[in-house]
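Here you go, sequence then predicted model.
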Amino acid sequence: MSSTTRTLLELPTADPSEGSTAAVLSDTCVIIPMLNEAAVITDVIRRVREAFPHVVCVDDGSTDNCAELAGAAGATVVRHAVNLGQGAALQTGIDLALALPHSFAYFVTFDADGQHRIEDAAAMVTQARHERVDVVLGSRFLRSGRQVPRSRRLLLRGAVMFSRMTTGLALTDAHNGLRVLTRRAAVTIELRLSGMAHASEILGVIAKQKLSYIEVPIEVVYTDYSRAKGQSSINAVNIVFDLMVNRLRVAR
């Protein structure tokens, strides 16, 4: 299947003829990396499980009790003994979800801080099912992007330009954690970058392996909590550094 891109200005809703939302999405596993998210993780998982019965949480070396809270909320939980970074946590979650006996058809990557909306995730799975693409990517900028804080917006637009230059993918949002992978895509993606540069690394895999994809509009909910947990400008520099090191490693 060739690598193609399309953008959709509106997300579809699940077709009622296909049954209840829980039934439609029972072939999907939501993967949530988390680091010290005890303040919000119970509510996040509760909301996720209203649409997605299967949730895998990866505790990336937290010092709080978010792993226990996630398990009590109904998630399957795996723990890193030390903090390895979000890329490593996502890879651990993908590997675990692939190994589970349920044989999931779709995998959703979802942030633990409450920024992502369940209705967007559910609509993206429906879109992956109907369009038969390997990857569905969420974008904050296909509509207005006005909900994104100005400082964050400038950093993200820089990330888009960098990703376009390094992957050739014509995207509007390069570092959105809400995405849907088919089983084919999940098996193909093997993250080597443990930190936040994994988002650009995923785009590189899409381009290199010619996975088909579409980009769809979503809304990111910025709360005081999620803003405080957000990425700083120095982390943006670290992301570029990690990507450059990875490019050199691959070239050898």
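Yep, that arrived.

how close does residue 47 get to residue 127?
20 Å (C-beta to C-beta, to the nearest Å). Every residue, glycine included, has its C-beta placed from N, CA and C.

quick one, strands of the stretch 101-250 of the chain?
106-109, 135-139, 179-182, 213-217 (DSSP state E, counting those that start in this stretch).

Output the lowest mean pLDDT helix or strand found in this protein.
helix 233-251 (a mean of 43; mean pLDDT, DSSP states H and E).

how about low-confidence regions in this structure?
1-24, 144-164, 195-196, 230-252 (pLDDT under 70).

Any buried residues in stretch 78-95, and which?
78, 80, 83-95 (16 or more other C-beta atoms under 10 Å).

And these, which is closest to residue 193?
residue 87 (5.0 Å; C-beta to C-beta).

what does the helix or strand where that closest one lies rub up against?
In this assignment (DSSP states H and E), residue 87 forms part of helix 86-99. If you take C-beta atoms under 8 Å, 6 or more residues apart in numbering as the criterion, helix 86-99 is touched by 29, 31-35, 56-58, 60, 76, 78, 80, 104, 107, 109, 181, 183, 186-187, 189-191, 193-198, 201.

sorry, back to before: closest to residue 223 out of the strands of the stretch 101-250 of the chain?
Of all the strands of the stretch 101-250 of the chain, strand 135-139 comes closest under C-beta to C-beta, at 17.7 Å.

Report the angle between that closest one and strand 213-217.
Relative orientation of strand 135-139 versus strand 213-217 (axes from the mean of the first three to the mean of the last three C-alpha atoms, to 10 degrees): 30 degrees.

on contacts alone, who are the packing partners of strand 135-139?
helix 118-131, strand 179-182, strand 213-217 (3 or more C-beta pairs under 8 Å, 6 or more residues apart in numbering; DSSP states H and E).

quick one, what contacts residue 109?
So residue 109 contacts 31, 90, 93, 177, 178, 179, 181 (C-beta under 8 Å, 6+ apart).

now the first one, nearest residue through space, not along the chain?
Across the structure, with C-beta to C-beta, 6 or more residues apart in numbering as the measure, the residue nearest residue 31 apart from its sequence neighbours is residue 93 (3.7 Å).

Check the gap between the one you found and residue 56 for me.
Applying C-beta to C-beta to residue 93 and residue 56 gives a distance of 5 Å.

now residue 180
Counting by C-beta to C-beta - residue 180 and residue 56 are separated by 15 Å.

what about these two, which has more around it?
residue 180 (31 against 23; other C-beta atoms under 10 Å).

So which of the strands of the stretch 101-250 of the chain is nearest residue 168?
Nearest of the strands of the stretch 101-250 of the chain to residue 168, taken as C-beta to C-beta: strand 213-217 at 12.5 Å.

Next, the angle helix 118-131 makes with that closest one.
150 degrees.

Pretty sure residue 56 sits against residue 76.
Yes. Between residue 56 and residue 76 there is a contact at 4.9 Å, judged by C-beta atoms under 8 Å.

overlap in contacts of those two?
96, 100.

what's the spacing between residue 51 and residue 108?
10 Å.

between the two, which one's more packed in?
More crowded of residue 51 and residue 108, by other C-beta under 10 Å: residue 108, with 31 against 20.
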